[in-house]
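A.B. asks: sequence first, then the predicted structure:
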Amino acid sequence: MPDRVARSGSTPLVAVVGGGASATLVATHLLRRTGSVPRLLLIDRGGLHGRGQAYSTEDPNHLLNARAMNMSGVQDDPGHLVDWARSQGFEVSGEDFLPRSLYGRYLRDLLDTSVGTRPGHVTELTGTVLSLAAEPSATDWRLRLADGTSYRADAVVLAVGNQAPGRLPWEPPRPRYIADPWRRGALDVIDDDEPVLIVGTGLTMVDLAISLTGRHPDRVVYALSRHGLLPRPHHPPPRPPEAQIVLPPDPLTLRELLRWARLTVDGNGGEWHGFVDAVRPHVPALWGSLSEADRRRFLNLVARHWEVHRHRIPPASAARIDALRADGRLRILHASIDDVRAVAQRRLSVRVRNGGKTSELQIGWLINGTGPAATPGTDALLSGLVTAGIARPGPLGLGLDADPDGAVRDAAGRFHENLFTLGPPLRGVRYETTAIPEIRAQAAALADRLTLLSRSGHREPNSESRPIPS
């Protein structure tokens, strides 16, 4: 089959698979580079080029979980988002928590502006990539799409963002069960006042509870998790300064790391917001310094506590959640689910367990609000790459394995020089990798690497790389 996107002379072509923030920031940083850069093929299965699922919500009460001053899409311009919002007529400051829908507009405008600097250099395509295969020359990739078309590219960036939630062990039949609440229109089927149970009490639950109670003023929402922990709110202004930290020496154990954290917070007068913000850029290095056994202990024993302090919610969102709980419209259950049964046309019976005590909960709807899956299993493309040996799971099965710059490693641990990823798929490698500041820095570094590809016109040989048979 002939190439769907024709080459332009010797200019390499980079295919970016994804349509959200990761893909947008890679494209933006690459197109903003001076001199020759590769041509881009942007492939988005959802047709949401720029916004992706995370920022395509239309609910004005869904706010960014970080201040505007931290959400610039341009690595060397921290005030870019605030300046853009003001240029659009919004009175904002760097301390504000903007609506996610507005941030989606920002990402789309950022992409449009970057594409406009290089007319004809970028092709946007809506489609689902089913598989990648190395060309016989081992210098190209062929991307096969669900509609039967295929495309050749000199390099591929897997900017797929977060995966759908993992499968729950007791999923009831639809339509009373919603497996992926972020799929477009997923919540539209909830058209009555029946109680809703959300599995999970993290960031996803916060947005879902706000939306579901806003649509029906009499609805009761239950939220259930083993820990029953909710995200902590951001500190209201004035914000405490970042703590002055001195990182512990390597190597260290998880016990030593936790002791250091407690002592540092105690030395900061017990104020933990500043400590979390100060340690956040160092998390990838600290994560990498732990043994595999300690990283596993962290996931089992500590991770949930870190997440609720690290991934905070705006004060306005916290106030809404507090009000819903005070009114009895949001009820948090510190429990686990034993079984789910359909007992009537519009009812589900859920058996929940708290310690040795069980009880029955009658609901109308069940939603998987556990958040993105960490393993590659729920994304057909990623799981297919692992099955084919083109990629392998990251440490502890989280995301994909890659080198520190995002070059994907194959089943034997050797990295590809023309297959990259960034953002959430690097969780096993970096752990802290899902927020805009981390993705923005990764995108800028990856743009530098892809620019070298354009200037050389071909991939440099490397003793660790090998051809992958198609």
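C.D. replies: In hand now; what should we look at? Residues are numbered from 1 along each chain as shown.
A.B. asks: can you tell me how far residue 417 is from residue 428?
C.D. replies: Going from residue 417 to residue 428 by CB to CB, to the nearest Å gives 21 Å. Quick note: C-beta positions are derived from backbone N, CA and C, even for glycine.
A.B. asks: more neighbours: these two, which one.
C.D. replies: residue 428 (22 against 16; other CB atoms under 10 Å).
A.B. asks: pLDDT score for the more buried one?
C.D. replies: Here the pLDDT value assigned to residue 428 is 96.
A.B. asks: equivalent analysis for the one 5 residues further on, please.
C.D. replies: Among the per-residue scores, residue 433 holds a pLDDT of 95.
A.B. asks: count the neighbours of it for me.
C.D. replies: Residue 433 sits with 23 neighbouring residues when counted by other CB under 10 Å.
A.B. asks: report the outermost residue of this protein with respect to its centre.
C.D. replies: In the chain, the residue that sits farthest from the middle, by CA atoms, centre = their mean, is residue 344; the gap is 36.8 Å.
A.B. asks: who's that residue bridged to?
C.D. replies: Judged by DSSP bridges, the bridge partners of residue 344 are residue 347.
A.B. asks: list the contacts of residue 56.
C.D. replies: Residue 56 is in contact with 46, 48, 101, 104, 184, counting by CB atoms under 8 Å, 6 or more residues apart in numbering.
A.B. asks: between those, which sits nearest residue 364?
C.D. replies: Distance to residue 364, by CB to CB, is smallest for residue 184 among the contacts of residue 56, at 22.0 Å.
A.B. asks: which two among the contacts of residue 56 are spaced furthest apart?
C.D. replies: 46 and 101 (15.5 Å).
A.B. asks: what's the model's confidence in the longest helix anywhere in the chain, averaged?
C.D. replies: In the chain, taking DSSP state H as the definition, the longest helix is helix 436-456. The average pLDDT within helix 436-456 is 90.
A.B. asks: repeat for stretch 148-162
C.D. replies: Mean predicted lDDT for stretch 148-162 stands at 96.
A.B. asks: ok, residue 222 touching residue 195?
C.D. replies: Yes: Residue 222 is within contact range of residue 195, at 6.5 Å (criterion: CB atoms under 8 Å).
A.B. asks: out of the two, which sits in the busier spot?
C.D. replies: Just comparing residue 222 and residue 195: by other CB under 10 Å the higher neighbour count belongs to residue 222, 20 against 17.
A.B. asks: neighbouring strands - and their directions - for the helix or strand where that one lies?
C.D. replies: Residue 222 is part of strand 221-225, with elements assigned from DSSP states H and E. Paired with strand 221-225 in the same sheet, following DSSP bridges, are strand 196-199 (parallel), strand 330-334 (parallel).
A.B. asks: turn the ones you listed into CSV, including mean pLDDT.
C.D. replies: Converted to CSV, the strands paired with strand 221-225 look like this (pLDDT from 0 to 100):
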stretch, mean pLDDT
strand 196-199, 98
strand 330-334, 97
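A.B. asks: pick the most buried one from the ones you listed.
C.D. replies: strand 196-199 (a mean of 24; mean count of other CB atoms under 10 Å).
A.B. asks: show the subsequent helix or strand relative to that strand.
C.D. replies: Next along the chain after strand 196-199, taking DSSP H and E as the criterion, comes helix 203-215.
A.B. asks: so which bits of that following helix are buried?
C.D. replies: 203-213 (16 or more other CB atoms under 10 Å).
A.B. asks: burial check on residue 268, number of neighbours?
C.D. replies: Residues near residue 268, counting by other CB under 10 Å: 19.
A.B. asks: what of residue 387?
C.D. replies: Residues lying near residue 387 (other CB under 10 Å) number 12.
A.B. asks: again, but for residue 101
C.D. replies: 17.
A.B. asks: same question, residue 66
C.D. replies: Neighbours of residue 66 (other CB under 10 Å): 18.
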